[in-house]
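Trainee: A structural model of the following input is requested.
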Amino acid sequence: MKITTGLVLILLLAACPTVFAQKGRVVHGQVSGGDTRQPLERVAVLEKGTRNHVFTSASGDYSITLTGENATLVFAYVGYATQQLPVGEQTTLNVTMQSSLKDLNEVVVTAFGVKKERRSLGYAIQQVDNKDLNVNHQPNVVNALQGKVAGVQISSAGGGPGQGSRIIIRGINSIADRNNQPLFIVDGVEIDNTTDTTTGSATRGLSNRAVDINPDDIESVSVLRGGAATALYGIRAANGAILITTKSAKEGKLQVSYNGMYGFENVNKIPEVQMKFTQGYLGVYDSTSFWPTWGPTVEAARQQDPTHPAKLYNNYKQAFKTGMQTRHTINLGGGTERARLMGSLSYFDQNGVIPFSDFTSYNGRLNAQFKLSDKISAGAALNYINSGGTRANADRYGEQIIYWSPRWDMKDYLKPDGTQQTYSSGTNNPIYTLYSNRYKDNVNRTIASAFITYTPLKWLSFNYRFGNDFYTTGITHRAPGPLGLVGEAPNLNDNRYGFINEYNGRNRIITSTFMTNITHTFKEKFSVDLKLGHDLRDQRIRRNSAEGDTLVVPDLFLLGNAKRVIGKSYIYDYRNYGYFADLTLGFNNYLFLELTGRNDLTSTLSKNNRSYFYPSASLSYIFSDMFKLPVWWSSGKLKVSYAKIGKDGDAYAITNGYQTGTVIGSTVPFYQSRVLGNPNLRPEFTQTAEIGAELRFLDNRLGLEAAVYQQKSKDLLVPVNVSTTTGFDRAYVNAGEISNKGLELTLSAMPVRTKDFSWDFRINFSTNKNRVVRVNEALGGEIIISSQSGYLNSTVTSKLVPGKAYGALYGRTYKRYYSNKPDDPTVLEKDLPLLIGANGFPVLDDASNQRYLGSALPEWIGSTLHSFRYKDLSLSILLDVRQGQYKYNQLANFQSAFGESKMTENRDQTIVFKGVLADGTANTKAVYLGQATGPDGVDYGAGFYRNVYRGSSENFIENASWVRLRTVSLAYTLPGSWLSTTKTIRSATVSFTGNNLWLSTKYTGFDPETSSTGAGSNASDSFSGFTYPATRSFLFSLNLQF
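Mentor: Okay, the predicted model is just below:
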């Protein structure tokens, strides 16, 4: 199949008419830089459509003998915009290269794939080209955008193979189980970017479906951040939009390129652990104890047990291995003015740092564009992807690592008979659990699109575009039952008595868009651009699953081998239809007013509420074209916009539905859904306002773009509990309001530009202040989003509370001493002294007194990307920052409970806690931190860390701010003289890339960028849990152009 596809692709490309070489004349000239006015050396001068090329000399001179008629020369040089100039009858052609720093005439991709000059846009848009996007060679386009766009926050679910990421633009504007992620568009067609969590797979680190887009195929990515930029897409883009433009073929002979990458990875940060105390409890050594490290010191244990290792194993170093990844991509393209074809084949394979985890992807793409006549053009694209792998349950794995005693080597997980190797029947080996309990997924996906454009008049055109994104998902989750062998220690907690679960899903999204475009210029000063259209989106999801429990034959994974089988089905149908208009009025090419309007009809709301309209207006004013500026000020633009955007409800939230239940004999019963339908639901609406400026200085070598915005989201859809006497337990209501205010800055500069050396950099900075404005009083004035457990009632809860940021963290704290002021049960006043009990230990507050502990949303994020070039050597450095964010470290809570935390290493000490007694006098009582009887003869029982410390949530709310060296990439382009003898290779570049090389953070767990909420979650980034750890990677790559 794959070989046949490749052969067909090559034959199609070879069949395209090409320009036959003919001997021609000599053209010569000089190339100089527009910013330095100096000659440029080693500028590539290429005869378009051929391999005929030369390079300029040290004086900027070139001379090239043309091989064809009607030739066009292409001039390309790092740091300067590529130019294509027809030769005509000239024999001398001098060229001035312009700086590639983006200017106001840059063409960017906007809504529905429409290309516009940046000068006409009254809203913020940032475009990332292929070079910057792929500087870190990320397999997922979402991860590739990290640190490259202002106002965009990306959280990884972890460093697992093919694992997904979550992307939020300009803050959260809906509640937890509502979508807060942007719309993804590829070449004008919507694609699905969801993460399937239907089978509880959020903890398994599945992929968000944008992982199916091969980054090597991408030409550029445009990020639409504000409401005015996305209003034409309607409810689909209420959270922003990511517009991906893939590579297309250029006119000329067949062009072939190869990209190869190979690398390895390891965990970039592991928690510190104590290495002093070994297995047992109350200080007593027991090599079979459930308690991993509450025993005596290693030295004391070795006196009792000579087989005890001289040093404890570090479980986190034992648990993770070196991962590997590789990618190979071949691109082919070529054609004529009438027909162009491009195709690519790609293979990606990754083995994770967690044992028995992997991901593989096969990707084939074909893109064709035709000029059928002077008035009609058409095109089609087809992308097929097969991907999947073995997913590790990182959450469960991380928990079991806590339970495993470092006295034993967990890598010794398997007995010769194939059963689990463990030191106690009550403790399961974490690696054995991964080995025996397998979760595999496989996705087959086809993304197809076609368009046709008819231009009967210069000022009138009609365009129709059709897209179909269809994929199937197959998941198998299985584990063997006990074999019944002598001495066997079966893992009944995870594997039970053996099971086989199978899941199959089908997801299809069809989009259809028709647009009429009218453009006209009056008296060379006034311009009109009008777009009218309609847009259809139809989605269908079908899911079926079967869960087989208790296997008759322990390791035969067939549903027919299970004693009990439960079947479930899920049906989802959704349709949205919209009409839209976009009018842009221009005056003298420096003043532009854009007005848009869209009316949507949705299938998820009742007849009276399903139709709604939202407008937008934006103004762009290029004042530098109207007023004379100082010579050092290149250009200036002011912009302002307003928009109202909407978001509809979930399917079937307005009706009372049914769901399948447990199999009774051969009958599958249906039960009424527990969700009470609410036919009065209204759409959510967000009003956005934005002002900004784009300034360019020093011949466009210095640029500053700034935007200030405000968003207010009303009528938020909220799931609420209802009385069970109604026969239901939950319903959706419009009951909330959230605001976001922010600032975005992008500074671009070219400080140095000479013929041999250049230095460019870009700085992105953004801050977003999120606030819950209102929660319906009928809901008690607050909403619980999610929670994560902790020992001794130290569970932390993420809430929506008026006046606080989305997902504010609440939990149990130590009591403070109050002299005169009243005790506000919702405020933690850390400046007040701890209240110390008569026993000398801090006093835990009542578990019911939940206090505010911090915000999981960062105060600001920033990044800087620096690019250096010396002749043929280039270096890119990306530094990334996130500040003012707090997280609940559940791992630290569990570590303290089981004696593995580095902090518990002082358990053999006696201290005096700083604080005051109930009467306000200073505490002076010394207490022992360890277990059992202390040096003072007092029995301290389970000790401070188990009796007190683990019960206070505030001990585990940590500053999750960080600064990281995201990427360092060093590339070398081989001199043309080295390749001149090959006759086939036009250019070759070798590179080395390191990702996540350095991290600075106060957070004590794994890398705080990872989140246990998973890529498919819309909750705030509040918890780290036992997530799949982030990785540090070292990649070697090769690029060849033929």
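
Trainee: what residues are up against the residue nearest to residue 881 when sequence neighbours are not counted?
Mentor: Leaving aside its chain neighbours, residue 881 sits nearest to residue 862 (4.5 Å; criterion: Cβ to Cβ, 6 or more residues apart in numbering). In short, each C-beta sits where N, CA and C put it, glycine included. Contact criterion Cβ atoms under 8 Å, 6 or more residues apart in numbering gives 763, 764, 765, 766, 880, 881, 883 as the residues in contact with residue 862.

Trainee: Redo these as a markdown table? Include pLDDT, neighbour count and secondary structure.
Mentor: What follows is those, written out as a markdown table (pLDDT from 0 to 100; neighbours: other Cβ atoms under 10 Å; DSSP: H, G, I helix; E, B strand; the rest coil):
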| residue | pLDDT | neighbour count | secondary structure |
| --- | --- | --- | --- |
| 763 | 97 | 17 | strand |
| 764 | 97 | 24 | strand |
| 765 | 97 | 18 | strand |
| 766 | 97 | 24 | strand |
| 880 | 96 | 23 | strand |
| 881 | 97 | 19 | strand |
| 883 | 97 | 15 | strand |
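
Trainee: between the residues you listed, which is nearest residue 707?
Mentor: Within the set of those, residue 766 lies nearest residue 707; the separation is 9.0 Å, counting by Cβ to Cβ.

Trainee: Which strand residues bridge the closest one?
Mentor: Applying DSSP bridges to residue 766 yields these beta-bridge partners: residue 744, residue 861.

Trainee: List the residues that contact it.
Mentor: Under the criterion of Cβ under 8 Å, 6+ apart, the contact list for residue 766 reads 150, 151, 152, 742, 743, 744, 745, 860, 861, 862.

Trainee: try 6 Å this time
Mentor: The neighbours of residue 766, taking Cβ atoms under 6 Å, 6 or more residues apart in numbering as the test, are 150, 151, 744, 861.

Trainee: Confirm that the first one lies within a strand, as I assumed.
Mentor: This means residue 150. No. With the criterion set as DSSP: H, G, I helix; E, B strand; the rest coil, the secondary structure at residue 150 is coil rather than a strand.

Trainee: Let me know the distance separating residue 531 from residue 445.
Mentor: Counting by Cβ to Cβ, to the nearest Å, the gap from residue 531 to residue 445 is 31 Å.

Trainee: where does the stretch 1-150 of the chain dip in pLDDT?
Mentor: Per-residue confidence of the stretch 1-150 of the chain (counting by pLDDT under 70) places the weak regions at 1-24, 34-37, 78-79, 99-103.

Trainee: The residue lying closest to residue 764 once chain neighbours are set aside: what's it in contact with?
Mentor: The shortest distance from residue 764 to any residue other than its chain neighbours is 4.1 Å, reached at residue 150 (Cβ to Cβ, 6+ apart). Going by Cβ under 6 Å, 6+ apart, residue 150 touches 744, 746, 764, 766.

Trainee: Quick one: end-to-end length of stretch 210-218, please.
Mentor: Across its full length, stretch 210-218 reaches 12 Å end to end, with Cα to Cα, to the nearest Å as the criterion.

Trainee: Name the residues that touch that stretch?
Mentor: Outside stretch 210-218, the residues that touch it by Cβ under 6 Å, 6+ apart are 130, 134, 140-142, 144, 162, 184, 193, 244, 246-247, 259, 329, 344, 346, 363, 365, 385, 445.

Trainee: out of everything not next to it in sequence, what's closest to residue 522?
Mentor: Skipping the residues right next to it in sequence, residue 522 comes nearest to residue 528 by Cβ to Cβ, 6+ apart, at 7.6 Å.

Trainee: on that earlier part again, which of the contacts of stretch 210-218 are buried? Put it as a PyMOL command.
Mentor: In PyMOL syntax, the buried subset of the contacts of stretch 210-218 is picked out as below (16 or more other Cβ atoms under 10 Å):
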select buried, resi 130+134+140+141+142+144+162+184+193+244+246+247+259+329+344+346+363+365+385+445
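
Trainee: In strands, which of the contacts of stretch 210-218 fall?
Mentor: For the contacts of stretch 210-218, the ones inside strands are 184, 244, 246, 259, 329, 344, 346, 363, 365, 385, 445, with DSSP state E as the criterion.

Trainee: Return the member of those nearest to residue 975.
Mentor: Proximity to residue 975 was ranked across the ones in strands among the contacts of stretch 210-218 by Cβ to Cβ; first place goes to residue 259, at 20.4 Å.

Trainee: so what's that closest one bridging to?
Mentor: For residue 259, the beta-bridge partners are residue 329, residue 1039 (DSSP bridges).

Trainee: Check residue 758 too.
Mentor: On the basis of DSSP bridges, residue 758 takes part in beta bridges with residue 753, residue 869.

Trainee: Give me the distance between it and residue 873.
Mentor: When distances are taken as Cβ to Cβ, residue 758 and residue 873 turn out to be 11 Å apart.

Trainee: Among the contacts of residue 862, which one sits closest to residue 715?
Mentor: Distance ranking of these against residue 715, using Cβ to Cβ, places residue 766 first at 26.8 Å.

Trainee: Is it correct that residue 397 falls within a helix?
Mentor: Yes. Secondary structure of residue 397 (three-state DSSP): part of a helix.

Trainee: wait, isn't it in contact with residue 428?
Mentor: No. The pair formed by residue 397 and residue 428 falls short of the contact definition of Cβ atoms under 6 Å, at 10.8 Å.

Trainee: Could you dump the contacts of residue 150 into JSON lines with distance to residue 285 added?
Mentor: Shown next, in JSON lines, are the contacts of residue 150 (distance: Cβ to Cβ, whole Å):
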{"residue": "744", "distance to residue 285": "59"}
{"residue": "746", "distance to residue 285": "60"}
{"residue": "764", "distance to residue 285": "55"}
{"residue": "766", "distance to residue 285": "54"}
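
Trainee: Mind picking the two most distant members of those?
Mentor: Put simply, by Cβ to Cβ the two of the contacts of residue 150 set farthest apart are 746 and 766, 9.1 Å from each other.

Trainee: Report the contact partners of residue 733.
Mentor: Shown in contact with residue 733 (Cβ under 6 Å, 6+ apart): 718, 720.

Trainee: pLDDT value on it, please?
Mentor: Here the pLDDT value assigned to residue 733 is 86.

Trainee: list the buried ones in the host helix or strand of it?
Mentor: With elements delineated by DSSP states H and E, residue 733 resides in strand 730-753, which encompasses its position. Going by neighbour count (16+ other Cβ under 10 Å), the buried part of strand 730-753 is 731-750, 753.

Trainee: Could you list the low-pLDDT ranges of the stretch 551-700 of the chain?
Mentor: Applying pLDDT under 70 to the stretch 551-700 of the chain flags residues 658-673.

Trainee: Residue 787 looks like it's in a strand, true?
Mentor: Yes. Residue state for residue 787 (three-state DSSP) corresponds to a strand.

Trainee: Now it: closest residue in space, sequence neighbours ignored.
Mentor: For residue 787, the nearest residue in space outside its immediate sequence neighbours is residue 797; the separation is 4.3 Å by Cβ to Cβ, 6+ apart.

Trainee: Might you report the residue contacts of the one you found?
Mentor: So, once contact is read as Cβ under 6 Å, 6+ apart, residue 797 ends up touching 784, 787, 810.

Trainee: Kindly report the same for residue 318.
Mentor: 410, 411.

Trainee: what about it, helix or strand, and which?
Mentor: Take DSSP H and E as the rule and residue 318 turns out to sit in helix 315-319.

Trainee: Mind listing what's buried along that helix?
Mentor: The neighbour-count check on helix 315-319 (16+ other Cβ under 10 Å) flags 315, 316, 318, 319 as buried.

Trainee: I am finished for the moment; much appreciated.
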